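K.L.:
Provided below for reference: sequence and predicted model.
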Amino acid sequence: MAKKLRGFSDRTIAWLFISPTIILLLAINIFPLIWAVKLSFTNYRANRPNAEVKDVGLRNYERVLGDTDIWLAMQATAHFVFWTIVLQTLIGFSLAYLIDRKFRGHAFWTTIILIPMMLSPAVVGNFWRFLYQPQIGLFNYIISFFTGIEPSSFDMLGSVSLAPWAIIIVDTWMWTPYVMLICLAGLRSIPNYIYEAAEVDRASAWRQFWSITLPMALPFIMLAVLFRGIENFKMFDMVVLLTGGGPGSITEVASITLKREAFESWRTGRSSAFAIVLFVAVFGLANIYVKALNKVKQR
C-alpha cells in the first residue's frame, strides 16, 4: 500500500481520504435540498404517490408567504429564539465568569451545572411537565412561596400567556451550560499578563472587565449566540413534549407548522416551499451574523 501511494502527492492522498466523507455529506445534505427545491414548484402529495404531478410555478411560495398561520408561527419562533438567546447568554456568561474565578469547589459545581445538557430532550421534557403540574408540581409551589399566589391558580402549560415562557425556561435550563462552556473557553484564552499589566496601571476590577475581559471574550459569546440561534430556530422536540404547539397555537413554532403541512395535511409541495423559505431566512441571517463576527475578531 505504501509503495502504491508513493506516486501520489500529499494533496492527492488527503483528497482520497476525505472524499468518502464529502460524498456522504453531499448525499445526506445537498441531494435532499435539491429535491425539496424541485418539489416546491409542484403540487406533489406524498400520500398520493401515483397521482399526476403538475408544475405550479411560484404558487406554493405565494401561499406560504401569504398564509397568516405561517406568519404567526414565525412570530412565535422569533419570540422563542430571542428570549432564549438573551437569557442563555446572560446566565451562561455570568456562570462562566464566576467559575473562571477558580473558587474552592469550582470543578464540582461546573460538573453539576453541566448535567442538564447531558440529558435527553425526552427526559427533560417529561421531567418539566411533572414540575409544571398545577396540583403537585414543584415549580408552582416555588412561585407560590415567593409571590403568595395559590399554586393551583395558574397552569404554566395551559395558559396562553405563560406557555411560551414555560418552554423558554426549560430550554434555558437545559442549554445555558452549553453557552457557559463556550464563554469559559473564551475567558480561559485571555493571557494573564494582560491583567497583570492592567493591575500595574492600577485599573479597577470593573475597568478590567469592560476593557479586557468582555472585548476579548466577545467573539466566543457571539459564537455561542450563533450556535444557539440556529438550534433554537429549528426547535421541535421540546415544544412537542411540553405543549404540542398549544394552548391553541400560541406555541406553534415554524418546525411544528412545517411538520403539520408535510405529514398531516400532506401538502408536500407547499411544505417544501416553506422549508426552502426557512432555509433561505436562516442562511441569510447566519451569513450576516458571521460577517459581523469576523469583524469583531479582526479588531
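P.N.:
Cool, the structure landed.

K.L.:
what about the host helix or strand of Ser271, average pLDDT?
P.N.:
Assignment of secondary structure by DSSP states H and E places Ser271 within helix 268-297. Taken as a whole, helix 268-297 has an average pLDDT of 93.

K.L.:
next: stretch 226-240.
P.N.:
Throughout stretch 226-240, pLDDT has a mean value of 93.

K.L.:
quick one: that stretch to chain centroid distance?
P.N.:
4 Å (CA atoms, centre = their mean, to the nearest Å).

K.L.:
any buried residues in that stretch, and which?
P.N.:
Of the residues in stretch 226-240, Leu226, Arg228, Gly229, Asn232, Phe233, Met235, Met238, Val239, Val240 count as buried by neighbour count, 16 or more other CB atoms under 10 Å. (Glycine included, C-beta is placed from N, CA and C.)

K.L.:
do the same with stretch 145-159
P.N.:
Neighbour count says stretch 145-159 has Pro151, Asp155, Met156, Leu157 buried, by 16+ other CB under 10 Å.

K.L.:
only C-alpha atoms, please: export it in CSV.
P.N.:
This file holds the C-alpha atoms of stretch 145-159, laid out as CSV (Å, rounded to 0.1, in the frame of the first residue of the first chain):
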residue,chain,number,x,y,z
PHE,A,145,-43.6,30.6,48.1
PHE,A,146,-42.1,33.8,46.7
THR,A,147,-45.3,35.5,45.5
GLY,A,148,-48.0,34.2,47.7
ILE,A,149,-50.1,33.1,44.8
GLU,A,150,-52.1,29.9,45.2
PRO,A,151,-50.1,27.0,43.5
SER,A,152,-53.2,25.6,41.7
SER,A,153,-54.3,29.0,40.5
PHE,A,154,-52.1,29.0,37.4
ASP,A,155,-51.1,26.4,34.8
MET,A,156,-47.8,27.1,33.1
LEU,A,157,-48.5,24.8,30.1
GLY,A,158,-52.2,25.5,29.8
SER,A,159,-52.1,29.3,29.9
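
K.L.:
pLDDT (mean, whole number) over it?
P.N.:
Confidence for stretch 145-159, expressed as mean pLDDT, is 90.

K.L.:
I would like the residues contacting that stretch, please.
P.N.:
Contacting residues not belonging to stretch 145-159 are listed as 129, 132, 134-135, 137, 139-141, 143-144, 162-163, 165-166, 242-243, 247 [CB atoms under 8 Å, 6 or more residues apart in numbering].

K.L.:
at 7 Å what do you get?
P.N.:
Applying CB atoms under 7 Å, 6 or more residues apart in numbering, the contact partners of stretch 145-159 are 132, 134-135, 139-141, 143-144, 162-163, 166, 242-243, 247.

K.L.:
quick check on these: which are buried?
P.N.:
When those are checked against 16+ other CB under 10 Å, the ones flagged as buried are Tyr132, Pro134, Phe139, Asn140, Ile143, Leu162, Ala163, Ala166, Leu242, Thr243, Pro247.
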